[in-house]
Every structure is written in C-alpha cells, then in structure tokens.
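Enquirer: please find the sequence and the predicted model below.
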Number of protein chains: 2
Amino acid sequence: MTDTHDLIRELRKDNGSKIVLLVADGLGGLPLEPGGKTELETARTPNLDALARRGTLGLSIPVLPGIAPGSGPGHLGLFGYDPLKYRIGRGVLEALGIDFPLGRNDVAIRGNFCTLDADGNITDRRAGRIASEVGQRLCAKLDQIQIPGVEVFVRPVKEYRLVIVFRAPGLGGDVDDTDPQATGVPPLAAIPRNSGSQRTADIANEFLRQARELLKEDAPANFLTLRGIDKLPAIPTFEEVYGLKAAAIAVYPMYRGLARLVHMTVLDAGQSLADQMARLEAEWNHYDFFFIHFKYTDSTGEDGNFAAKVARCEELDACLPRITALNPTVLIVTGDHSTPSKLKSHSWHPVPTLLVADSCRFDGATEFGETACLRGGLGQFEARYLMLLAMAHAGRLEKYGA
Amino acid sequence: MTDTHDLIRELRKDNGSKIVLLVADGLGGLPLEPGGKTELETARTPNLDALARRGTLGLSIPVLPGIAPGSGPGHLGLFGYDPLKYRIGRGVLEALGIDFPLGRNDVAIRGNFCTLDADGNITDRRAGRIASEVGQRLCAKLDQIQIPGVEVFVRPVKEYRLVIVFRAPGLGGDVDDTDPQATGVPPLAAIPRNSGSQRTADIANEFLRQARELLKEDAPANFLTLRGIDKLPAIPTFEEVYGLKAAAIAVYPMYRGLARLVHMTVLDAGQSLADQMARLEAEWNHYDFFFIHFKYTDSTGEDGNFAAKVARCEELDACLPRITALNPTVLIVTGDHSTPSKLKSHSWHPVPTLLVADSCRFDGATEFGETACLRGGLGQFEARYLMLLAMAHAGRLEKYGA
C-alpha cells in the first residue's frame, strides 16, 4: 500500500498556484437547544456565505470518529500528516508553545514545580500555584545548572509550569514521568524505557539532584517533577512532501511551533487578524501556501461563552475580503477540531470546512455552517485528506497512473 | 487487518445471479457556472432516472480524495482491486491498448520514435510526428530484430508511438526510461534498478544498438527511446476472487486489455453500443458478470465539449432498456473517474453511481446526476468497495461470522 506522502511526491507539480488555509481554531460548535443553531450558524457571516455558494462544503473528521484532538494532532491532520502516525509529546508541545527553537538533538520536558515536606514526600503537585513571576525567577535559577556534555535550558511557561530542554547528540526520548500523580509519596526517579534513553535518564536525575539543592529554600516551590519527556517526531517537511513554499501567520506561539515542526517559514503575525492580513498581503508573492491561524473561536468555546464565539466568527468573516482580493487559487476555511461552547472543551464533532476554487462541484449551499456542511459536496472526510484536495484543486497533482 | 479479497473468498457463494457493470468512462462532470447543472444532469435520461427511483445512488471516489486516476487505476478500483496496491506501468497499458496478448513472461515498453542529429543528440523527441503509416513501416522493420534467448515483438500504436515486448522467462521489469526528456542531448542507455533486471537492460541496449543501425537512413525517425518499461502486475484473477464467470464487452482495446488483466473473457463488442447490447443478449446465459464499457462520455469531456458529452449521456441512457429487459440481479451504472468538459481532463471529483437490485434501500432519488448522488444512499465511498456491494446485492456473500 502506497503511503499518501509518497503518492503526493510522485504526482505533484509546480504551477505557481496559491493555496490559503485559514484555520479558525475549534471552529465547530453545537446548538444549545434541540433544533437550535450553532455558534457559526448564529453568526452573521455574509462573506463566508458568499464563498459557500461558490465553493464546496464538507465536514472534516480530525482524527477518527469520536476522537477529540489536541492542537497538535488537530493541526497535523490539516497539514496532511496522519495524526495517529506522528505523535507529539507533551514536553515538545509545551516547548513549541513558548516559541523555544527546538532542534533534532533536543529532549523536551514539561516541568511542574511542587512542594516537598521534610520527609521528601509531595504535599502539593502544583506548588500552591505560585505566581508566574515566582516561576520565572526560579527558572532563571535552574537555568544555571551545568551537566557535562549536555546543554540545559530551563524556561518558564506560566505559574508552576516550566519547560526543560536537554541538548546533546544521541539522547533518547523514552523516559517515564517522575510525577507520581499522588501526594504523600516522594517524586519518582527518571527511569528509561530502553537502553537508548539511559543517558537521558541519567542527565534528568542529575538535573533533579542539583535542582533539589538549588530550590531547598524556595518552598512552596522547593522541587519539580518532570513529565511528557520526548523528542521531536521524525517528520517529513511540508516542502519536501508537497513542493510548496509555505508560510505560517499565527499570533499564538503554539501554532507557530506546529508550523515550524513541519518546517514552514514562520512570519511575524503581529497581534490581530488585521496584522495577519497585512502580513499576508505583504508576503503574497513570496510563498505558495499560507497557513493563517485564528485562536479566538477556540478560546471563547473553551470559556463556554456562546455569544463571544458568535462574535469571533463574525470577526473572522470580516477578514475574508482581504484574502479573496488576493485571488488565491484555493481557499480553505476550516478548524483543527470543534470546541462547542456548550461543552467548554475540544470535541470530536466533525469540523465545518469550506473549499473554494474554480474547479469546485457546487452542492447548493448558500451559507457556511454545520448543517450546510453536512449536506456538502466534500461529505465527511478525514482531515488528513484535505491537503490532497487542496493540491488537486490547485492543479498541483498529475493524474495517477495511465 | 483482513485483505478484502480474502474476505470475499471466504464468504462468497454461487447462486446463479447476474451482475451487470456498465461503465461510462469519465462520467462525472462539473457545471459551467455556479448553480448550474453538470453534463449528466443536463442530459435527458428517462431510463436512468427511472432506475434511480428503483435503486440507490452514491458517489464513488476512484482512488483517494483529490486523486485523478488514469484508466488503469480507475478500472482496477471498479473491479475491486486496490489501485494503490496494484500498479500498471505505462508500457503494459500501451500494450493492452493495442490488444497485444501480454503474458507473465513479457516485459512491455512504450517506444517513441525520435530524431538524432549527426552527433547523436536528440533534436525531436517525437520524430516530427511522423504519419502512422510511416510508423507502421518502421515497426515492421524493427520487428525483425533478433536477440538470442528472447522473443522480440514491435508493434505500431499511432504516429511516433510504438510498443516493444521482450518475452523470456525470468526477465525483470525494473529498468529506467532511456528518454532523457530533453533535446540537445543523446538518449540514455537502459539502466536496471536492480540486479534482477540486468538482463532486461542488456536486451534493451542490444535492441537499441540494432535499431540505430536499421533506422539510420529513416530520419526524422532515425532512432527511438524506451519508456514505461514494466511487466504485468501479479494480480489475482476476477474469477478466483469473486467466483464469477466474467465477460467484457468493450469497443476500445485499452478496456479489453484491462479486463484481460484480471482474466475476464473478452467478447467481440463490435463498434457501437447497439453491437454491445446485441453481444450482451447473445451471451447472457454464459456468464455471471458483464463489464460493459462506453468510451464517449470521457472523450467528449476531454475535448471540452459539454454539449457533446450531454448527447453521449443521452445515447447511453437509450441503451438501458435492453439491459433491464434481461433482468439482471444487480445493475450498476458508474464511471471510472470524472472527466468534466470544463477541465478537459480526468479529474478527482467523485463519480455518480447507481446500483439497482431488489434489495436496495431507497433514498428518494428521482433522477441520476451528481447532486442526486450526493444525497444518495451509498454516500461517498471508495470505488474498490463497489464490488462488495455488487456481490452482496446479488446474494453472493454469506454472513461474516456467526
């Protein structure tokens, strides 16, 4: 069975066409009442509705039916990478999320400051949720740790959360968490799951030994646990698979990091959709593919704020004319997953998707929303096939076989 | 994961039922304007519409979303063979396309006559598109080439195109093209990609040595290049998988060749749909499965002639009463891919499919067209599952598991 990426490498061609992938994070929603409308359907979205009449709609299944993805697998799917094949560890995602320039020799770890009692048992796994300023100060202290033959980086994330990176050639990433997931017991030692990660475990244990000494006067944050120890997945680059020169325009670091993971060029996105649109216009001639990320359809959904998510859908809609004015060959509007405000969390519900190109087969849709997408011409499809459709409509795939 | 063919072999039974697979090549289309109708929807098709009311509709995805297949993978999918697993080389398809009786010991090659200058560099990769009569005469000359231990066949295709077949036990098919894909440079030597194909490359190079001598006075066709060097794929026969005695009724050689590839019996199809219908009627009692191929929905699409494709859909429709009069247990009308006249080429758009059997669940369709198929009971499905549905509706599959 041919791998989809191999198939694309075999069939792809360059014709100078341009593809825009606009990802409204957590776009899909739910109505609050039976027979009601979702957030997207409630929103007044004249630009998206006009595009729905010109394009083809469908529902994207991020991973598999019933699977609610995190941001990592959600975006990998949209980028055309099988999210069940390429897995991103928690430590790696945390490092990407603070814009840490993670390399192939790096082991990334999520750290949690914790509180130890006089016997060395954990009394609080989150160190009393110390202020971020305290976390920053303690991270600066830990960043001084020296271990022969390895570079050590310690960076604050927020409150009790931090990122630790060990950099040295040949380090394995298969080491268990040291968080015992309980209080009243001591933290665990770092244990390797295979011999290739013995050295990583040794480094982690030496790091913990020095950290315990450095933090001994810093209660409630007088120690830390290590979680999600992992390396970058071995993943082909976006350009190597698709032959597309790709740029990411994302305000939030996590999404810049996910784009960087597949070697997209990360552009300065400023602080708002208007900034992002200005960047898109300025860089239009320099790339074949633009990934534009809009965060707030997710964060308002997570907050359970239906009205705020509606407003964010309308804000997104208002930016569309600046994209269509550039006349992309293919424009896709979708989300990496659903985040219904009713559930206040990521969900598994298929994600409204709109694809606009001259080669679209129309499906009679007159608006962009979950119900219209259910009747759409793309049907329900796994997100990892979306890039195949984008490449096809962009005229960038040769015929398969004679 | 059980292979689908193994599952069919395990569950199949013979009940004397009959299946007709009517393939309208390139059937799927596109409207010319948003909100418009496709070629099939524009056509007046009272017989297909009546069948749509009695059957179930759906959209067939030939290979994967976004992949536009050639005739080979398009038909393999309809025959229930994974088109990503079984690949047909260009040389093999070209040999099938001229009705050459290709065997398991044959290496098939597509040849192109070309023009060499005095220094041996290519000045025209298509030999000035010589007339077919010239090509025939030169092929007759090359067909005299003798190489010890191997049978050599040289057959004209059209103009500068020809087919070369080397027949000997144990020849490998992994040899690179000798066409440098450029002018101003000499043709390449035949290079094997593995040791199992060294002898094939040696034979090819000896063939080219003799051909250069034979053609030296025949400018502009004073040499040839070799492309798409390949053998038949190792593929199970249709009867071995399905237990169906199958016959093909196809006017064009390529489709007879594809049927022969899976060991269907190839019947004399005459020159027209009327001839094909007469053959179907005459042979009705002798086979379980009939593959009937109609070419012109594809060729009119390739020509970009919307009105002509509409007319061909109507011509197809007119033959349906002769099929239904035979009362097949299962009748399927579909295409191997879409060929929208708007795009003038094969495309990836899902293909309208109609299945009629007494066991159909109705979907409310009142006509056969892309929009109705999008709402149809078969949904969107990969073409390689169509034969499973055909076998099921024919009552030819036992229950799976107790």
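Expert: Structure's in. What do you need?
Enquirer: can you count the residues close to the closest residue to chain B within the stretch 151-300 of chain A?
Expert: Residue nearest to chain B within the stretch 151-300 of chain A: A:Tyr242 (11.8 Å; C-beta to the nearest C-beta). (Glycine included, C-beta is placed from N, CA and C.) Residues lying near A:Tyr242 (other C-beta atoms under 10 Å in any protein chain shown) number 28.
Enquirer: name all residues that make contact with it.
Expert: A:Ile8, A:Arg12, A:Gly80, A:Phe289, A:Met387, A:Met391, A:Arg396 (C-beta atoms under 8 Å, 6 or more residues apart in numbering or on different chains).
Enquirer: redo that, cut-off 7 Å
Expert: By C-beta atoms under 7 Å, 6 or more residues apart in numbering or on different chains, A:Tyr242 lies in contact with A:Ile8, A:Arg12, A:Met387, A:Met391.
Enquirer: ok, A:Arg361 next?
Expert: A:Thr56, A:Gly377, B:Leu30, B:His349, B:Glu370.
Enquirer: surely the third one is in contact with B:Ser345?
Expert: No - counting by C-beta atoms under 7 Å, B:Ser345 is not a contact partner of B:Leu30; they are 11.4 Å apart.
Enquirer: next one: the longest strand along chain A to chain centre, how far?
Expert: What stands out as the longest strand in chain A, according to DSSP state E, is strand A:106-116. Relative to the centre of its chain, strand A:106-116 is centred 21 Å away, using C-alpha atoms, centre = their mean, to the nearest Å.
Enquirer: the stretch 1-150 of chain A: helices as residue ranges?
Expert: For the stretch 1-150 of chain A, applying DSSP state H, counting those that start in this stretch gives helices covering A:4-11, A:39-42, A:46-54, A:71-78, A:90-97, A:132-142.
Enquirer: quick check: which of these is nearest to B:Val262?
Expert: Nearest to B:Val262 among those is helix A:4-11 (22.5 Å), distances taken as C-beta to C-beta.
Enquirer: ok, and the closest non-adjacent residue to the closest residue to chain B within chain A?
Expert: Scanning chain A for the residue nearest chain B gives A:Leu388, at 3.3 Å (criterion: C-beta to the nearest C-beta). In this structure, A:Leu388 finds its nearest non-sequential neighbour in B:Gly66, 3.3 Å apart by C-beta to C-beta, 6 or more residues apart in numbering or on different chains.
Enquirer: now do the contacts for that neighbour.
Expert: Residues counted as contacts of B:Gly66 (C-beta under 7 Å, 6+ apart) are A:Tyr385, A:Leu388, A:Leu389, A:Met391, A:Ala392, A:Leu397, B:Trp348.
Enquirer: could those residues be laid out in JSON lines, adding pLDDT, distance to A:His75 and secondary structure?
Expert: Converted to JSON lines, the contacts of B:Gly66 look like this (pLDDT from 0 to 100; distance: C-beta to C-beta, whole Å; DSSP: H, G, I helix; E, B strand; the rest coil):
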{"residue": "A:Tyr385", "pLDDT": "97", "distance to A:His75": "15", "secondary structure": "helix"}
{"residue": "A:Leu388", "pLDDT": "98", "distance to A:His75": "17", "secondary structure": "helix"}
{"residue": "A:Leu389", "pLDDT": "98", "distance to A:His75": "17", "secondary structure": "helix"}
{"residue": "A:Met391", "pLDDT": "98", "distance to A:His75": "18", "secondary structure": "helix"}
{"residue": "A:Ala392", "pLDDT": "98", "distance to A:His75": "21", "secondary structure": "helix"}
{"residue": "A:Leu397", "pLDDT": "98", "distance to A:His75": "22", "secondary structure": "strand"}
{"residue": "B:Trp348", "pLDDT": "98", "distance to A:His75": "24", "secondary structure": "coil"}
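Enquirer: which PyMOL command selects the buried ones in these?
Expert: The following PyMOL line selects those of the contacts of B:Gly66 that are buried, judged by 16 or more other C-beta atoms under 10 Å in any protein chain shown:
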select buried, (chain A and resi 385+388+389+391+392+397) or (chain B and resi 348)
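Enquirer: of the contacts of B:Gly66, just say which sits nearest to A:Ala259.
Expert: Here the nearest of the contacts of B:Gly66 to A:Ala259, counting by C-beta to C-beta, is A:Met391; it sits at 18.0 Å.
Enquirer: from A:Asp268, how far out is the closest one?
Expert: From A:Met391 across to A:Asp268, the span is 27 Å (C-beta to C-beta, to the nearest Å).
Enquirer: contact partners of the longest helix anywhere in chain A?
Expert: Identified as the longest helix of chain A according to DSSP state H is helix A:306-324. The contact list for helix A:306-324 (C-beta under 7 Å, 6+ apart) reads A:20, A:22, A:24, A:29, A:32, A:39-40, A:42-48, A:51, A:273, A:277, A:280-281, A:294, A:296-297, A:300-301, A:331, A:341.
Enquirer: flag every residue of chain A that's near chain B.
Expert: Selection of chain A residues close to chain B by C-beta under 7 Å from any C-beta of the partner chain yields A:1-2, A:53-54, A:359, A:361-364, A:377, A:379, A:381, A:385, A:388-389, A:391-392, A:397, A:399-402.
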